[in-house]
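> My questions concern the predicted model and sequence given below.
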Amino acid sequence: MERSFKKEVQELRLGDGDTFHGEGILAVTKALLQSGVSYVGGYQGAPVSHLLDVLVDAQDIMTELGVHLETCSNEASAAAMLGASINYPLRGAVTWKSIVGTNVAADALSNLSSPGVIGGAMIILGEDYGEGASVIQERSYAYALKSSMWLLDPRPDLPSIVRTVEKGFELSEASHAPVMLELRIRACHATGEFAAKNNRKGVVSGLNRIQGPPRFNYGRLAHPPVIFTQEKLKVEERLPAARAFIREHKLNELIAGDLDDVGIVVMGGLTNSVLRALERMGLADIYGSSRMPLLVLNVVYPLVPEEIREFCAGKAAVLVVEEGFPDYIEQAINVELRRADIQTRVLGKGSLPQTGEYTSDVLLEGLAAFLQAVHPKNIDADTVAENTRGLIAHKAKAAAALGPLPPRPPTFCTGCPERPVFSAIKLMQRELGPTHISADIGCHAFATFAPFSLGNSILGYGMSLASAAAVGPNMDRRSIAIMGDGGFWHNGLITGVASNLFNKGDGVLIVMQNGYASATGQQYIPSSVTSRDGAVPGMDIEQTLRAMGVKWLRTVRTYSVSVMVKTLKDAMRTAERGLKVIIADGECQLARQRRVRAEDAVKLERGERVIRTRYGVDEEICTGDHSCIRLSGCPSLTVKPSTDPLRTDPVATVIESCVGCGLCGEVAQAAVLCPSFYRAEIIRNATWRDRALFRFRQKVIGWLGGYSGEAAA
Amino acid sequence: MNSPRPITLLIAALGGEGGGVLTGWIVSAAEQAGFPVQSTSIPGVAQRTGATTYYIEILPVLTRELGGKRPVLALTPGVGDIDIAVASELLEAGRTVASGFVTPGRTFFIGSLSRFYAMDEKIAMGDGRFDQDRLIAIVKDNARDSLLIDMEQLAKQSGSIVSAVMLGTIAGCGKLPVTPEQLEAAIRADGKSVDSNLRGFRAGLEAARAKVQPAKPVEKKRHAPTTPELLEHEVSYSMPALAQATAIEGVRRLIAYQSVAYARRYLDRLRPITEADAAAGAHGKLLKEVARHLAVRMSYEDVVRVAQAKIAPQRLRRIAREELRVKDEPFSVHDFLKPGIEELCQLLPSFLARPILRVSERRGWLGRVYFGMEINSTSISGYLRFLMLAKLRRLRPYGHRYAQEQRQIESWLGLIVEAARCSVELGLEVAECARLIKGYGDTYARGLSNYRTIEARLTQPALAGHIAMERAADALASARTAALVDPEGESLAKCLSEIDGQASFRIAAE
């Protein structure tokens, strides 16, 4: 894995009286252990990639507590795992990235929430919304509404997150419904401290197993005829039970203030941002006391009607701070006040923007607008609003001063084995013309950015081949689908390959076989050469495809650009119908470098022969056209000022971070660019043969007038 | 409501630079010192060399003095609310300022002067680099106080990583409630690469305190060896001072490239330009540019020049010393060549080259048949192959390419002289079009065809008076810029059609 938490997970052993220091995701893990879970699982994806990594690194501790860990093949399998809590008093938690993971899990979630649970079942959602997000911007809230699962959105500080996890299990059990807990990316990685408690073993766990299943009970199945009863149960029993629990245990917080003719209803996760905004406006202090009353919703679904009524009654207006569209909470509050015939004005979207993340300046602007819209008593609203706008006035000025800056999106790492495939596609298209490329989720989606700008659609993780199903038959040339090995096992194998073969489809599929789920931090997948416990998973993509009946199948080493171009051209032009699969084989370079560097260090230490390779550009020969960069896009291949007194354009150069993958040279060869690239090798711990040959050669070349190798140092 | 303000710190970095480690050091130092602290980050795919940020808040009141109260610390940075902003790279420094986080009333800005070029800057066919001076100016205009220093260089000199240097500069700015000693302790407690991190930290600390720039090895321009004084002397009395250095450089280059006679021809070719320059009152400005481009064009890239460069002793010494850091280890350098039929015909006389090229074209070999080879330039046979090619220099003037190049050069020079009669600007623009012709193979062919397109569509019509003189220079400049935007030539085509549109509109209006 990209990041190791081996050191940090030791904090998970803390008990009563200790203070835990660390990141949000570790605090969540600690809270799970303090809650006595019997099983955990999930599928990686930012913001919760690291949560799964933490669980994996904490396996020893979990084994001691009898907790079963499953690194699931996708979110659907993770969600289905929660089925263990339907029949048994097992507490369990699974995690994934939302909205996309929740979409994948949706079927299992509906079937889970209908019969309900007897053991606490929790889903930790990494809410990938706003800054740094990599997926479509939608809310998980809709799932809570439609499936009657409760949605927790704790204040983003560690004690609050930990308490909400613990209380969430109780809530789940008290109301027999699964709960979801959403954490935004910054909350996942917020550091802080909280008072630890002892870990608890589950009532039933790997250490204390159940003896056989319960008596047959049709009510536990999501199947007619009981589904009709279950629908009633959700609304008539579980929902009231949940509301009663939330109210009784004060999961939502009330912050009283003297400006009591107004108030703010805020999603728990945005509380710190709102309090900071109020503090900057002079309406709160740094310790969270506020002149403006606040209702903090650590549970955003269901709302508790009594709480809403009590908070709003007697107020002229309230502001609902609810991020994302649609404004479910604002609508629900309006309905609730209407039912209770309370005349408080409800402002929300309008004062605040309909869409987008509620960053610090957005909130300041929104609060200023709210104050001016309602003019609360005991405060000069216009002055406060004006001062507030003054705080952020600098933003527009600063943005205008510099104009647009070159963007810096993420890109393939130095030496990435996926980049050469896109160089090859570019070269193939030069000859055969452009074709439809259905892209997918994974590092390879970076090819949609410059310098490749390749990809016509992205339909979800592992969906590329399926999304080309109706394109190919309507286009005069074959389409290409790109899929990572992560996406292949997540979904693409069935959704894409099986469906294509079943329908006798045509088209080209490129599977990037780099051995890990790389974009999320190099987690193991079924075709990895090893696994978290060191055993070989033994699932092979090529064998799988052959067994499914793929006839046209080539495995190509990705760095061989010329071979890849030729293979692509064959796949595009062959008269043979049917799916053509190219497995682009090359290990994730980040993972490889971590391994190779360590191995080389050991070899050097032992005095064994090690060759270090790097590439370079002769600046006397480079003319500054940068074709090579447009075809490679390597972070280590960049430009520098020309030292030629007669040239002004910058020349290409290879910087120190080069790992010697050789792509730049391959591309220069395959595309016939220019002779500036060279490969330089140095032999450490050379043998006497290496040395003798080197000395002989240099001596002769020296006689001939060339560089004798003397005075190298 | 009065209460203490947290100290806020925003770090802008590139994924993979160790911003997370840096944040960890600061947080652990603040914790050890007893202050409430919180950091956040946004890990995710942005970490793959994309721009990312880290945010830290420290309440400068000891936890034990808070009487059980807990501060509410924010997770997102606020415009106008940042005490210290740090950027590990100059463009990211500019981005931090542009997003409004650096304010004159509050922010101490620490930024690195080093550049890690963004993709859009690198893929331009000419020079796509963002103006560095503007970035520096915008930082100084917006920060309350700023420290701009080449942190990459400091990291290199101290054998450390940039995040350690950044920590040192943060410590040195004196705005944090923790001491440099406490930050050092955090590095030690972390336990990873302690020595090198401490070296980087101290280098940053000292540089910040003394506000001194690290000595950077100045990228010296490579000058050609000196040559017969006679030619250089001629330059010094026959040309305006402004153009002399360039012309002398040209003379030297061409002697090394071909011969003294060839350099003589260079000076002869510059004579009409000198006159045109004087007649137009350009004070050597036109001459200087033409002298520069002419020297580059006359030393066009061919297989002989490549071979010369590949076995130049200074080249191999540079690779051994600077790139491989060879002490006494054996090393090797491998070069890749892939000449096609055109390259092979370059040195043949025209009467042989033409029929071969004709046949090749008919058979579709051009652009398809190549002879790829990898040559170990540090082996005897590899060296000899290049040496042999380099020795073909004497044959160059009899070759097909030579004749072609000289013809094109003469025509270009003729256009410049004609254009300079109209205006200095137009002359300069025509001269500058030489910039389009560069490179090898496809690149060369594309450049040449763009040059010819511009000549036919703009230069010739302008000289014939079909394009209004006051617009001609502008049109040429924009067409040239457009030609360097994309290799597919879409921008150039669009630009030319816009210029045509304006011209016809104008004629209609007149």
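In hand now; what should we look at? If you're wondering where the values come from, they're calculated on a predicted model, not measured in any experiment. Residues are numbered from 1 along each chain as shown, chains lettered A, B, ... in the order given.
> Give me every residue in the stretch 101-250 of chain A lying close to chain B.
By Cβ under 8 Å from any Cβ of the partner chain, the residues of the stretch 101-250 of chain A that approach chain B are A:128, A:131-134, A:156-157, A:184-187, A:189-193. Just so you know, the C-beta spots here come from the backbone N, C-alpha and C atoms, and that holds for glycine as well.
> filter those to the buried ones?
A:128, A:132-134, A:156-157, A:184-187, A:189-193 (16 or more other Cβ atoms under 10 Å in any protein chain shown).
> Give me the phi and psi for the closest residue in space to A:G549 that isn't next to it in sequence.
Among residues not flanking A:G549 along the chain, A:L501 sits closest, at 5.5 Å (Cβ to Cβ, 6 or more residues apart in numbering or on different chains). Reported as degrees, to the nearest 10, the phi and psi values for A:L501 are phi -70, psi -40.
> need the contact list for A:D533.
Contacts for A:D533 (Cβ atoms under 8 Å, 6 or more residues apart in numbering or on different chains) come out as none.
> So for it, what's the pLDDT?
Model confidence at A:D533, given as pLDDT, is 85.
> picking up where we left off before, determine which two of the buried ones among the residues of the stretch 101-250 of chain A next to chain B are furthest apart.
The largest separation in those, counting by Cβ to Cβ, is between A:S134 and A:E193 at 29.9 Å.
> Could I get the full set of helices for the stretch 351-500 of chain A?
For the stretch 351-500 of chain A, the helices defined by DSSP state H, counting those that start in this stretch cover A:360-374, A:381-392, A:394-402, A:419-432, A:464-467, A:485-487, A:499-502.
> cool, the stretch 101-250 of chain A as well?
A:141-147, A:158-175, A:185-188, A:226-233, A:239-248.
> Give me the residues contacting the third one.
Identification of contacts with helix A:185-188 by Cβ under 8 Å, 6+ apart yields A:23-25, A:28, A:46-48, A:50-51, A:126-128, A:130-133, A:156, A:161, A:269, B:40-44, B:55, B:75-76.
> starting at the chain centroid, how far to it?
Relative to the chain's own centre, helix A:185-188 is displaced by 12 Å; criterion: Cα atoms, centre = their mean, to the nearest Å.
> and that helix, average pLDDT?
For helix A:185-188, mean pLDDT is 94.
> Ok, the longest one next?
Mean pLDDT, taken over the full extent of helix A:158-175, equals 98.
> Identify the residues contacting the lowest-mean-pLDDT helix or strand in chain A?
Using mean pLDDT, DSSP states H and E, helix A:663-670 stands out as the lowest-scoring helix or strand of chain A, at a mean of 87. Under the criterion Cβ under 8 Å, 6+ apart, residues A:415, A:419-420, A:423-424, A:427, A:559-562, A:565, A:615, A:617, A:628, A:631-632, A:634, A:637, A:654, A:673-679, B:336, B:338, B:372 lie in contact with helix A:663-670.
> Cross those against helices and list the overlap.
Filtering the contacts of helix A:663-670 for membership in helices, criterion DSSP state H, returns A:R419, A:P420, A:S423, A:A424, A:L427, A:V561, A:S562, A:V565, A:C628, A:L631, A:S632.
> out of those residues, which one sits closest to chain B?
A:S562 (8.6 Å; Cβ to the nearest Cβ).
> ok, the residue in the stretch 301-450 of chain B that chain A sits nearest to - contacts?
In the stretch 301-450 of chain B, the residue that lies nearest chain A is B:P330 (3.5 Å; Cβ to the nearest Cβ). Residues near B:P330 by Cβ under 8 Å, 6+ apart: A:I682, A:I683, A:A686, A:D690, A:R691, A:L693, A:F694.
> Residue ranges in chain A under the pLDDT threshold?
A:710-713 (pLDDT under 70).
> cutoff 80 now
Within chain A, the ranges that satisfy pLDDT under 80 run A:1-2, A:708-713.
> Domains in it, by residue range?
A:8-196+A:219-247, A:253-402, A:419-591, A:609-687 (automatic domain parsing).
> With distance to A:E75 and neighbour count added, can I get the ones in helices among the contacts of helix A:663-670 in CSV?
Shown next, in CSV, are the ones in helices among the contacts of helix A:663-670 (distance: Cβ to Cβ, whole Å; neighbours: other Cβ atoms under 10 Å in any protein chain shown):
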residue, distance to A:E75, neighbour count
A:R419, 28, 31
A:P420, 31, 30
A:S423, 33, 29
A:A424, 32, 30
A:L427, 37, 20
A:V561, 36, 27
A:S562, 40, 15
A:V565, 37, 22
A:C628, 41, 28
A:L631, 37, 29
A:S632, 35, 28
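> Show me the shaky parts of the stretch 301-450 of chain B.
Per-residue confidence of the stretch 301-450 of chain B (counting by pLDDT under 80) places the weak regions at B:367-368.
> number of nearby residues for the residue in the stretch 501-650 of chain A that chain B sits nearest to?
Residue of the stretch 501-650 of chain A nearest chain B, by Cβ to the nearest Cβ: A:T623 (3.9 Å). By other Cβ atoms under 10 Å in any protein chain shown, the residues close to A:T623 number 26.
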